[in-house]
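*Asks:* build me a model from this:
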Amino acid sequence: MKVVGLAGWSGAGKTTLLARVIPVLTRRGLSVSTVKHAHHAFDIDQPGKDSHAHREAGASEVLVASGRRWALMHELRDEEEPRLADLLARLSPVDLVIVEGFKREAHPKVEIHRAANGKPWLFPDVSHVGGLICDAEPPGWSGPRVGLDDAGDAADLLLAAAEPFADVVARLRASPPIALARQPPDPMAQLSSDQFAFGGQLLSVEDALARVGEGLRPVTETETVTLLEADGRVLAADLAAPVSLPPFFNSAVDGYAVRFADLTPGRETRLAVGQRVPAGAEAAAARAAEAVRIFTGAPMPEGCDTVFMQEDVRLDGGAVILPPGLSLGANCRPAGEDLPAGSLALSAGRLMSPETIALAAALGVTGLVVRRRVRVAVFSTGNEIVSPGAPLGPAQLYDSNRFMMQALLRRLGAAVTDLGILPDDRAAISAALRDAAARHDLILTSGGVSTGEEDHVKAAVEQVGSLTFWRLAIKPGRPVAMGVIPSGRDGEAAAFIGLPGNPVAVFVTFAHVVRPFLTVLAGATPERPLALPVRCAFPYKKKAGRREYVRVALRRGADGAIEAMKHPRDGAGVITSLTETDGLVELPEPVERVAPGDTVAFLSYALLR
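*Replies:* Model (predicted):
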């Protein structure tokens, strides 16, 4: 039994690498266990779970077991955090124990370092570093080193650095943890109690978008993911084209490649057909006064510079008759026509999509450095709501907002934690908020954040942090609560957003507040969705000075034009007004009425979720 550590600052990619290395080791016939050091008050248990209730009631240990696994949770109520030696002693015998974290302890370790993370090297300040896994030249290092992308090399390095279990435990017990310079703070540290303060009467959509981004910096931690895992993630570093695209001069069509100089100006040209070049084959140099049968994507023979489409020519035995009028270079794709090697292919901050993934794949890229997912906790409160599947009381409703918010967040690439329905108890909500703030960038809820006697969330947020209200000049959408909750780490905090309670208002305010907020945190630039002009098919009156969003379904009018039909029920609690429509008609602040036939701005739901 041997022990080795994988150490590095947060965001270096320790967990991502281990997820690739462990299968390599197990395929070699080795049994592997891991020890993970959790930071920032991370808790494996959650409110609402039976095990959480047992612990809160005072149980010293809770053992949870199922047919798949078991876990023992030991409470450290009056005890210090255990040393690594104590934790290792609790493990069952295996071939290799990999320790993630615990960089201050004196066990053998390999450092993982990612240049884009912008953080210092651990060595030589950290003891017993026997190897490096990195993507940069380490200053003053003469030991073994491998790159970040090869899991096999990383596995070999970890095995080479591992030491016998008994020797490691003995050294750990004899060595106090070393002191390290504090890790650079998390990007949420810049949130302050007045981050969202706003004393104005009404806040426009544009002002809200601008204020969301003020003072916020994106998360700094990064990881390398495969192309398929990159969909919906934000690129953390510029991607330069490692090769030209296309990489060689090739034909854009099926046809006949020729030398333009061999063509007779103003009339047909007859050329013998020489070699045949399919896609994927190498081409020999073309002979003078000879056409080459070529196919789409095939390399152009040396000397050829123009391609005739096969449907534009006639064959005459072993020759081809070429019509006049084709220009030099027609139907060819020069090397680098799309992107020359070394040029910027994708900029940092780009939200990855199927199209950008296709571009990266075309360039031969296998992995991309992306920012970590924004961590969001979602909860509901209220004795009047229950989760779907639970018995429904005579005065209760099923909780729909929590599920809609989670679905919207996941579409934006967030890592979502469902805290469930918290009881209407200020102390319980305060405790849950403190715990969530230690592990998340944002805490999101809906309803229960007004000034009523039963609105315990407002009191709980003000007890543990700060809270202000944004009076958005939109309908539907009541005031949005914006707050800051200290995380328990020096100067760091999580944001709190409380949306209105009605489902339609939740959807609209999410699009105008939460979506741009998450976009900034994720490292991308928020942009207002582009509204499309459609013909109005309904009369409508509104107050000047606020923007209204009317739920509409699209249909094609008798003249073929696209027109918008208003949903017959416009209450903010009517969920079917969302499911039976295609989007929102946006009516600006100065507008007081629209009539059938007017042109209005349509926002598709596809752009808002």
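*Asks:* contacts, neighbours, all on C-alpha from now
*Replies:* Noted.
*Asks:* and the nearest residue to Leu157 once chain neighbours are set aside, bridged to which residues?
*Replies:* Setting aside the residues directly before and after it, Leu157 is nearest to Gly131 in space (Cα to Cα, 6 or more residues apart in numbering), at 6.8 Å. Going by DSSP bridges, Gly131 is paired in beta bridges with Val110.
*Asks:* these two touch, right, Gly131 and His113?
*Replies:* No: here Gly131 does not reach His113: they are 10.9 Å apart, not a contact under Cα atoms under 8 Å.
*Asks:* where does the stretch 501-609 of the chain have low pLDDT?
*Replies:* The stretch 501-609 of the chain contains no residues with pLDDT under 70.
*Asks:* sketch out the strands for it, chain order is fine.
*Replies:* Using DSSP state E, counting those that start in this stretch, the strands of the stretch 501-609 of the chain run over residues 532-536, 540-541, 547-556, 562-566, 583-587, 593-594, 599-604.
*Asks:* which one, of these, ends up nearest to Val386?
*Replies:* Relative to Val386, the nearest member of the strands of the stretch 501-609 of the chain by Cα to Cα is strand 547-556, separated by 27.6 Å.
*Asks:* which elements pack onto that closest one?
*Replies:* Packing contacts for strand 547-556, counted by 3 or more Cα pairs under 8 Å, 6 or more residues apart in numbering; DSSP states H and E, involve strand 474-475, strand 562-566, strand 583-587.
*Asks:* pull the residues that contact that strand.
*Replies:* Applying Cα atoms under 8 Å, 6 or more residues apart in numbering, the external contacts of strand 547-556 come out as 473-476, 542, 562-567, 570, 577-578, 580-589.
*Asks:* same question, stretch 138-153
*Replies:* Contact with stretch 138-153 is made by 17, 20-21, 24, 112, 121, 130-135, 154, 157, as judged by Cα under 8 Å, 6+ apart.
*Asks:* now it: mean pLDDT?
*Replies:* Averaged over stretch 138-153, pLDDT sits at 88.
*Asks:* partners of Val307 in the sheet?
*Replies:* On the basis of DSSP bridges, Val307 takes part in beta bridges with Ala257.
*Asks:* test my guess that it contacts Arg333.
*Replies:* No: taking contacts as Cα under 8 Å, Val307 lies outside contact range of Arg333: 10.2 Å.
*Asks:* between these two, tell me which one has more neighbours.
*Replies:* Neighbours per residue (other Cα atoms under 10 Å) separate Val307 from Arg333, with Val307 holding more: 30 against 23.
*Asks:* who's in contact with that one?
*Replies:* When contacts are counted by Cα under 8 Å, 6+ apart, Val307 is found next to 251, 253, 255-258, 329-332.
*Asks:* let's see it at 10 Å
*Replies:* Taking Cα atoms under 10 Å, 6 or more residues apart in numbering as the criterion, Val307 is in contact with 250-260, 291-295, 300, 326-332.
*Asks:* out of the residues you listed, which end up buried?
*Replies:* For the contacts of Val307, a neighbour count by 16 or more other Cα atoms under 10 Å gives the buried set as 250-260, 291-295, 300, 326, 329-332.
*Asks:* among those residues, which ones are in strands?
*Replies:* Taking DSSP state E as the definition of strands, those contribute 250-251, 255-258, 291-294, 332.
*Asks:* can I have the buried ones of the contacts of strand 547-556 as a PyMOL selection?
*Replies:* A single PyMOL command suffices to select whichever of the contacts of strand 547-556 are buried according to 16+ other Cα under 10 Å:
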select buried, resi 473+474+475+476+542+563+564+565+566+567+570+577+578+581+582+583+584+585+586+587+588+589
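*Asks:* report how many residues lie close to the residue nearest to Leu157.
*Replies:* Gly131 is surrounded by 24 other residues when neighbours are defined as other Cα under 10 Å.
*Asks:* ditto for the one 5 residues further on
*Replies:* By the other Cα under 10 Å criterion, the neighbourhood of Ala136 contains 12 residues.
*Asks:* same question for Lys14.
*Replies:* Each residue near Lys14 was counted by other Cα under 10 Å, and the total is 19.
*Asks:* next, give phi and psi for it.
*Replies:* In this entry, Lys14 is assigned phi and psi values of phi -60, psi -50 (degrees, to the nearest 10).
*Asks:* let me see the contact set for it.
*Replies:* Contacts were defined as Cα under 10 Å, 6+ apart; by that measure Lys14 touches 6-8, 100-101, 111-113, 223.
*Asks:* can you list the residues you listed in JSON lines and add distance to Glu311 and neighbour count?
*Replies:* Formatted as JSON lines, the entries for the contacts of Lys14 read as follows, by distance: Cα to Cα, whole Å; neighbours: other Cα atoms under 10 Å:
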{"residue": "Leu6", "distance to Glu311": "62", "neighbour count": "25"}
{"residue": "Ala7", "distance to Glu311": "63", "neighbour count": "26"}
{"residue": "Gly8", "distance to Glu311": "61", "neighbour count": "25"}
{"residue": "Glu100", "distance to Glu311": "63", "neighbour count": "21"}
{"residue": "Gly101", "distance to Glu311": "65", "neighbour count": "22"}
{"residue": "Glu111", "distance to Glu311": "61", "neighbour count": "25"}
{"residue": "Ile112", "distance to Glu311": "58", "neighbour count": "26"}
{"residue": "His113", "distance to Glu311": "57", "neighbour count": "28"}
{"residue": "Glu223", "distance to Glu311": "50", "neighbour count": "24"}
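*Asks:* so which of the residues you listed sit within strands?
*Replies:* Counting by DSSP E, the contacts of Lys14 place 6-7, 100, 111-113, 223 in strands.
*Asks:* closest to Arg609 out of the residues you listed?
*Replies:* Out of those, the one with the shortest distance to Arg609 is Glu223. That distance is 25.2 Å, counting by Cα to Cα.
*Asks:* pLDDT weak spots in this structure?
*Replies:* Flagging of the chain using pLDDT under 70 yields the residue ranges 10-11, 38-49, 77-78, 116-118, 177-201, 208-216, 449-455, 469, 478, 488-491.
*Asks:* quick one: the most centrally placed residue in it from Arg314, how far?
*Replies:* The chain has Arg233 as the residue nearest its centroid, 3.2 Å off, counting by Cα atoms, centre = their mean. Relative to Arg314, Arg233 is positioned 51 Å away (criterion: Cα to Cα, to the nearest Å).
*Asks:* need the strands for the stretch 101-250 of the chain, in chain order.
*Replies:* If you assign secondary structure with DSSP E, counting those that start in this stretch, the strands in the stretch 101-250 of the chain sit at 109-113, 129-134, 145-146, 163-164, 222-226, 239-240, 250-251.
*Asks:* thank you kindly, that will do.
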